[in-house]
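>>> what shape does this take:
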Amino acid sequence: MSGVNALAVLNQGRPPSIYHGRSSSLNTAAQANIPLGFAVVTYRGKIWRLVYQGDEDIVRDPVRPDQPAGTIEVVIIGAAAAVSKQYYIKPYTEGSDQPPDCYSLDGIKPEANAPAKQSALCARCPQNEWGSRVTDSGAKAKRCADSKRLAIVPALDLENDSYGGPMLLRIPPTSLANLSLYAGNLSRMGAPMEAVVTKIGFNFEVAYPQLTFTPLRWLTDEEARLVVGPDGKSGVMAHPVVSRILVDSVAQAAVGESEPETEPEPPPPPPLPEPLPPSRPRSEPPAPDVAAHAQREAQNQAIAEAQQAAAFAREKEAEEVQAKEARKVTPMRRPAAFGGAAPPSEVRASVEEAAPGTPPPNGAGAPVSTAPPGLNAAIDALLATRVD
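Below is the predicted model:
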């Protein structure tokens, strides 16, 4: 295959003078309506593989060629804005390269040439619902898999002539969060994704294939010119296959790409609450059964209030009766001094000072003595006794 490196011989001379300032559409016409093939970087069993023109090769470790590479070092030169979707009716078969039965490049609706469309819109597709597939470990997932399409080139061979230039790498749903985090960290550092060499590997702490992204170094000035071109608008980023990888191409399956993931997808967001039924206009009369129920409730409430009022009246009447009975009892008089009764002389004086016609205390008709019976007579006899 004649690549960009093979064209270096044209730098040794100059074009014929007749072509100076003359434009030609022949090169564009020769490329028109001819689909450009591209390689697909995929994995199976956490081993990187490269599929191109029907052949599959294991990516080897550059230091130990007899061992598969645990990571790949690439430059990301393109990323699709949309999340694409792929659905296969039959489970994956080892070595199969069949295209998906239904797929969407924008994640909104199936492509027009999808062989077996499952729904008019992806959002309403039963295959796109969480729980439509159960993994081997018993976890819920979706039969229609989400992915993000990247265009990449090897860091050690940016032009990648032997594999047709830029290659497709699909980021599985289990790794989309890692890709987003990586892009965000680069943005905070002011580093364009296409300006650094990225190492892509696997998270070996989990059983399912989850990709990791690590920046290794900045591109050199020479490498940057190959990526974006001297004018910043050409280079491998402007390769015609990039747009086909990201948005224009049929989502052809690569060997191993339909291998099911084993990580459970995060549960879907809770469904939105059902909208409340429209309220009835105030002028609209309630339905007959509702009106009857409201009438019964009003009657029951009136009966309960009447019972409470009667009980309250009975309690009030009982309290008044008790108060009347209490007023009939004459309270006991306390003694004048703590610990004994007042002397008889004080009692007689208090009686004499009372208004005429006023009965003495406790109904007594004469001066009252508080001495015990017979005590006064004994005292008088004692006083009358003559002492020699």
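
>>> the helices in this structure, which residues?
For the chain, applying DSSP state H gives helices covering 26-31, 176-188, 221-228, 240-243, 288-327, 344-352, 375-384.

>>> which one of those has the poorest average confidence?
Here those differ in mean pLDDT, and the lowest is helix 344-352 at a mean of 49.

>>> look at the residue nearest to G235 when sequence neighbours are not counted and report its pLDDT.
Residue nearest to G235 in three dimensions, not counting chain neighbours: G229, with 3.7 Å by C-beta to C-beta, 6 or more residues apart in numbering. Backbone N, C-alpha and C define where each C-beta goes, glycine included. We have a pLDDT of 91 for G229.

>>> roughly how far does G229 sit from V196?
18 Å (C-beta to C-beta, to the nearest Å).

>>> what do you get for S25?
Taking C-beta to C-beta, one finds S25 at 37 Å from V196.

>>> cool, and F38?
Distance from F38 to V196, by C-beta to C-beta: 22 Å.

>>> what do you get for P154?
P154 sits 14 Å away from V196, going by C-beta to C-beta.

>>> pretty sure W130 contacts K142?
Yes - using C-beta atoms under 8 Å, W130 is in contact with K142, at 5.9 Å.

>>> which of those two has more residues huddled nearby?
K142 (20 against 14; other C-beta atoms under 10 Å).

>>> excluding its backbone neighbours, what's nearest P209?
Nearest one to P209, counting by C-beta to C-beta, 6+ apart, is K46 at 5.7 Å.

>>> need phi/psi at the one you found.
phi 60, psi 30 (degrees, to the nearest 10).

>>> my guess is it contacts E205. True?
No - between K46 and E205 there is no contact under C-beta under 8 Å: 12.0 Å.

>>> which one of these two is surrounded by more residues?
Legend: neighbour count by other C-beta under 10 Å for K46 and E205, higher for K46 (15 against 6).

>>> so that one versus A302, what's the distance?
Noted for K46: a distance of 78 Å to A302, by C-beta to C-beta.

>>> likewise L156?
Computed with C-beta to C-beta, the distance linking L156 and A302 is 92 Å.

>>> ok, now M193?
Distance from M193 to A302, by C-beta to C-beta: 77 Å.

>>> more neighbours: which of these two?
Legend: neighbour count by other C-beta under 10 Å for M193 and A302, higher for M193 (18 against 10).

>>> and the more buried one, what does it touch?
Applying C-beta atoms under 8 Å, 6 or more residues apart in numbering, we find M193 in contact with I76, A79, A183, L186.

>>> now the first one. Nearest residue, chain neighbours left out?
Closest residue in space to I76, ignoring its immediate chain neighbours: M193 at 5.0 Å, by C-beta to C-beta, 6+ apart.

>>> tell me the pLDDT at the one you found?
Listed pLDDT for M193 reads 95.
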